[in-house]
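1. Model the following, please.
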Amino acid sequence: MAFNFNKLTVKAQETIQNAVEIAQNYNNQIVEPEHILAAMLQDASSVAVSIIQKVGADVNRMKIKTGELLERLPKVTGAGVGNQQLSMNSAKLLDASSEEAKNLKDEYISGEHLLLAFTADKGNSGKIFKDNGITKEIVLAALKDIRGNQRVTSQNPEDTYQSLKKYGRDLNELAKSNKLDPVIGRDEEIRRVLQVLTRRTKNNPVLIGEPGVGKTAIAEGIAHRIVSGDVPENLKTKRIVALDMGALVAGTQFRGQFEERLK
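-> Take a look at the predicted model:
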């Protein structure tokens, strides 16, 4: 059965298209897994590259090794140069990535599924992963950290990955690095908010007031207390993230984009 390219995310489709262009540049008529890997590695903003970096592998080293493999592939000249076709190994790689998507209960095939397929590849591309210590288990662990419990349910899932990091400020991290000013004279309000947060029910405090009265200072004061351990036991592992609503709304000209980010 022919592979359904419509099941690829936009980023994954771009990867395959770039792989075809790389094959053309190297005068290779057949698009091998090495071309797909090269295309994947050259996209610094991709989930695949983020995972590779997260597991501690050297992306540049992998690029160099992939380039060496591309140089060894058979070259053609004349009319055949612009008529690229996927090799049997590339077709198997795409089928394997489709299976990985099913295993993760994802609706579309994304860069992370290609990455997982590469870890099981028996050819030269798979050897690059083995030589760099990148296993399926390590990739799955890093993937969980990047996308959490999210599923790939659209063709642009990367926009929603690590949304808190993109659209928010981690006040705990800022407090740890002494980038927040100390909060003075707000002990009573901070204690009251902590009291509400530790309830079993109705535990959503709302701070209401005119601009400049110190609502943000109370949130920062709580972050200071969490970092210093001066909070109830059930709050010691919590984070406070300040959403940047301007960044969250920016560029959401199409219906549903804002909701997708917020989700």
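2. and the closest residue to residue 34 other than its chain neighbours, what helix or strand is that in?
-> Spatial nearest neighbour of residue 34, excluding adjacent residues (Cβ to Cβ, 6 or more residues apart in numbering): residue 69 at 4.7 Å. Quick note: C-beta positions are derived from backbone N, CA and C, even for glycine. According to DSSP states H and E, residue 69 maps onto helix 59-72.
3. Mind giving me the packing neighbours of that helix?
-> helix 33-41, helix 47-54, helix 124-131 (3 or more Cβ pairs under 8 Å, 6 or more residues apart in numbering; DSSP states H and E).
4. Quick one: residues contacting the most centrally placed residue in the chain.
-> Residue closest to the average C-alpha location in the chain (Cα atoms, centre = their mean): residue 47, at 4.2 Å. Shown in contact with residue 47 (Cβ atoms under 8 Å, 6 or more residues apart in numbering): 11, 110-112, 115, 143, 146-147, 158, 161.
5. Flag whichever of those scores worst on pLDDT.
-> The member of the contacts of residue 47 with the lowest pLDDT is residue 161, and it reads 62.
6. Three-state assignment for residue 118, please.
-> Recorded secondary structure, residue 118: helix (DSSP: H, G, I helix; E, B strand; the rest coil).
7. Excluding residues flanking it in the chain, which one is nearest the residue nearest to the centre of the chain?
-> Residue nearest to residue 47 in three dimensions, not counting chain neighbours: residue 111, with 4.7 Å by Cβ to Cβ, 6+ apart.
8. again with residue 35
-> What sits nearest to residue 35 in space, not counting adjacent residues and going by Cβ to Cβ, 6+ apart, is residue 19, at 4.1 Å.
9. Could you check the angle the helix or strand hosting that neighbour makes with helix 33-41?
-> Residue 19 is part of helix 10-25, with elements assigned from DSSP H and E. For helix 10-25 against helix 33-41, the angle by axes from the mean of the first three to the mean of the last three Cα atoms, to 10 degrees is 130 degrees.
10. Helix 59-72 and helix 10-25, what's the angle between them?
-> Going by the same axes, to 10 degrees, helix 10-25 is angled at 40 degrees with respect to helix 59-72.
11. May I have helix 10-25 as PDB, with CA atoms only?
-> Extracted in PDB, the C-alpha atoms of helix 10-25 (Å, rounded to 0.1, in the frame of the first residue of the first chain):
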ATOM      1  CA  VAL A  10       3.600  20.400   7.700                       C
ATOM      2  CA  LYS A  11       7.100  20.200   9.200                       C
ATOM      3  CA  ALA A  12       7.600  16.500   8.300                       C
ATOM      4  CA  GLN A  13       6.400  17.300   4.700                       C
ATOM      5  CA  GLU A  14       9.000  20.100   4.600                       C
ATOM      6  CA  THR A  15      11.700  17.600   5.800                       C
ATOM      7  CA  ILE A  16      10.900  15.200   2.900                       C
ATOM      8  CA  GLN A  17      10.800  18.000   0.400                       C
ATOM      9  CA  ASN A  18      14.200  19.200   1.700                       C
ATOM     10  CA  ALA A  19      15.500  15.700   1.500                       C
ATOM     11  CA  VAL A  20      14.600  15.600  -2.200                       C
ATOM     12  CA  GLU A  21      16.400  18.900  -2.800                       C
ATOM     13  CA  ILE A  22      19.500  17.600  -1.000                       C
ATOM     14  CA  ALA A  23      19.500  14.500  -3.200                       C
ATOM     15  CA  GLN A  24      19.300  16.900  -6.200                       C
ATOM     16  CA  ASN A  25      22.200  18.900  -4.900                       C
END
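12. Give me the helices and strands touching whichever helix or strand comes after it, please.
-> Sequence order places strand 30-31 as the next helix or strand after helix 10-25, per DSSP H and E. Identification of packing neighbours for strand 30-31 by 3+ Cβ pairs under 8 Å, 6+ apart yields helix 10-25, strand 85-86.
13. Mean confidence (pLDDT) on the last one, please.
-> In this model, strand 85-86 has a mean pLDDT of 92.
14. nearest to residue 119, of the helices and strands packed on strand 30-31?
-> Of all the helices and strands packed on strand 30-31, it is helix 10-25 that lies closest to residue 119, at 16.4 Å by Cβ to Cβ.
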